[in-house]
Structure formats: structure tokens, C-alpha cells
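Student: after the sequence you'll find the predicted model.
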Amino acid sequence: MTVSLAPEAVVLDTVERYFELLQAHASVREMYDAVLTGDFETGFAGGRMWEGESGLRDFLEARSVFFDESHEILQILGARESPRGSLHARTRLRFFLRGREPGAARSDEYTGQAIHAWRLRRDPRSGDWRVAAQIVEGFALLDANASRLFSATDIGLET
């Protein structure tokens, strides 16, 4: 199954739909219904990974302290179709997170840039592109809070 649009356009559309739901604090079911494949995985290259529905639930719980966030794609570093019809891409994005730990008197901000590797596949029923994997490969320009948050990627998020 080949890509009918330019691979970069497919990546941009699909990744933006993913982040819209993540930023809106959508439920596990809403995310699967709208943009994820059944075998979705996310996490840190060489570190903590969350897989499947229970993994997504744990991932969303780990980041539930964030009540305001944005992710802006700055660059698509490459997009290619595999022989099996999936798309593999890398992006560089700028993020802003605002969160408050339970019982904290004030919120904290976390800013920086991240490099993500993506694997996208078409839904055989709808033909829509969906996210099968979103893996953080690295960070840049992290503020002090973001440096602390992402200091132990083998554990996950230091919230």
C-alpha cells in the first residue's frame, strides 16, 4: 500500500492529530479510536517503554500532572515508506509543559526540544494513517525543570 500524499504531509497530519489528543488529555479509548494502532508503543530510545493499552494508560498517568502543554513540530528530519507500507519518520519539535505536583503551591514550566522517531501505519478499514510508535531519541535546549524531568529515561518521567 503506497502513500498517496507526500510522506512528509502524511507525517505532519498524523503527528499533529496525535499531539492534539495528547494535549487535550484524551482518554486511552479516544486515542486508540482516533489515531493509534492496537500495538502502539511509546517511550525513550534505550530507556523506559510503554506498550499496548495498559502501557498507554501508565504513560498518560505519568504525565497527568501536566495541565497545559503544546508541541510544535519544527522540522521533519526524514520520512520514508518501508516495503511493508508503513512510514518511518523523525521529527524535531519544541515543547512547553506546565504542571503541578499534587499538593504543590505553584506550577512549574518545562521547555525544550525533542527528537522523535515515528512509525505510522494505515488502518485497513478506514485508510487513515495511525501512530504505531513514538520514540524519543534525544533532547536539546532543555530548561532546568525539563532536564530534571527527563534525567532518568530508563525510569520514565521524573514527576
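Tutor: Yep, that arrived. Numbers count the residues shown, from 1 in each chain.
Student: for the rest of this, base every contact and every neighbour count on C-alpha atoms.
Tutor: OK.
Student: now do the SS call for the residue of the chain positioned farthest from its centre.
Tutor: Taking C-alpha atoms, centre = their mean, the residue of the chain most remote from its mean C-alpha position is residue 105, at 28.6 Å. Taking DSSP: H, G, I helix; E, B strand; the rest coil as the rule, one finds residue 105 in the coil state.
Student: got a list of what it touches?
Tutor: If you count contacts by C-alpha atoms under 8 Å, 6 or more residues apart in numbering, residue 105 has none.
Student: how much space separates it from residue 99?
Tutor: The gap separating residue 105 from residue 99 is 11 Å, by C-alpha to C-alpha, to the nearest Å.
Student: the chain: helices as residue ranges?
Tutor: Ranges of helices in the chain, per DSSP state H, are 7-23, 28-34, 52-62, 144-149.
Student: would JSON lines of those with mean neighbour count be doable?
Tutor: Supplementary listing: the helices of the chain in JSON lines, determined by neighbours: other C-alpha atoms under 10 Å:
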{"stretch": "helix 7-23", "mean neighbour count": "17"}
{"stretch": "helix 28-34", "mean neighbour count": "15"}
{"stretch": "helix 52-62", "mean neighbour count": "16"}
{"stretch": "helix 144-149", "mean neighbour count": "16"}
